[in-house]
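Participant: Fold the following.
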Amino acid sequence: MTDKESMEILVTDAEETIKLGEIIGKSLEPGNIIALRGGLGAGKTVLVKGIAKGLGIEDEPVSPTFVIMNAYEGRIPLYHFDLYRVSGADELMGIGADEFLFGEGVSAVEWAERVEEIFPEYTIYIDIEIPGPDSGVPENTREIKIEGKKEWVSSFRSTAEQAFPASTK
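Facilitator: Numbering: from 1, shown residues only. Below is the predicted model:
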């Protein structure tokens, strides 16, 4: 028996991605880790902008590609990691990232697949896919799969279904 659950949401533009992120942000607690996976331009940073809004952060996050992590203060601190240029878990832990990742804030980790072995079982995984050109959906549509502990996903699902009634499964 698994303690994990997943759901999928289709968003049609950046505004919906931010709205989804805001719903996610409002549902988070200190210590949550969001592992974001998806290709270049999929919308990981756009989703983090919404998460920041949901955490009551006034600054708009930007991709921390060249600094690895940016910190933002809100209802809960947000530690926004971009691991695009990180070679692996040893490099990340070597710069002391663990004190932020496993601290009292929320960590949103872009390119999480580069260090997946470090994430605890309670990590919330979010995969963002760009549908192919023959999919028949509008160009800016994204397929977002959210997976995490059953209790969190179940609670989040009811809120997401109210906000995106036709797009959740």
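Participant: what helix or strand is the nearest residue to Val109 once chain neighbours are set aside on?
Facilitator: Leaving out its chain neighbours, the residue that sits closest to Val109 by Cβ to Cβ, 6 or more residues apart in numbering is Phe81, at 4.4 Å. Where C-beta positions appear, they are placed from N, C-alpha and C, glycine not excepted. Under the criterion of DSSP states H and E, Phe81 resides in strand 78-82.
Participant: Please apply the same query to Ala71.
Facilitator: Assigned by DSSP H and E, Ala71 belongs to strand 69-72.
Participant: who's in contact with Ala163?
Facilitator: The contact partners of Ala163, taken as Cβ atoms under 8 Å, 6 or more residues apart in numbering, are 19-20, 23.
Participant: Check it and give its pLDDT.
Facilitator: Ala163 is assigned 82 on the pLDDT scale.
Participant: going forward can the numbers begin at 523, since that is how I track them
Facilitator: In the new count, where the first residue is 523, that last one comes out as Ala685.
Participant: Pull out the buried residues from the helix or strand hosting Thr539.
Facilitator: Thr539 is part of helix 536-548 when elements are defined by DSSP H and E. By neighbour count on 16 or more other Cβ atoms under 10 Å, the buried set for helix 536-548 is 538-548.
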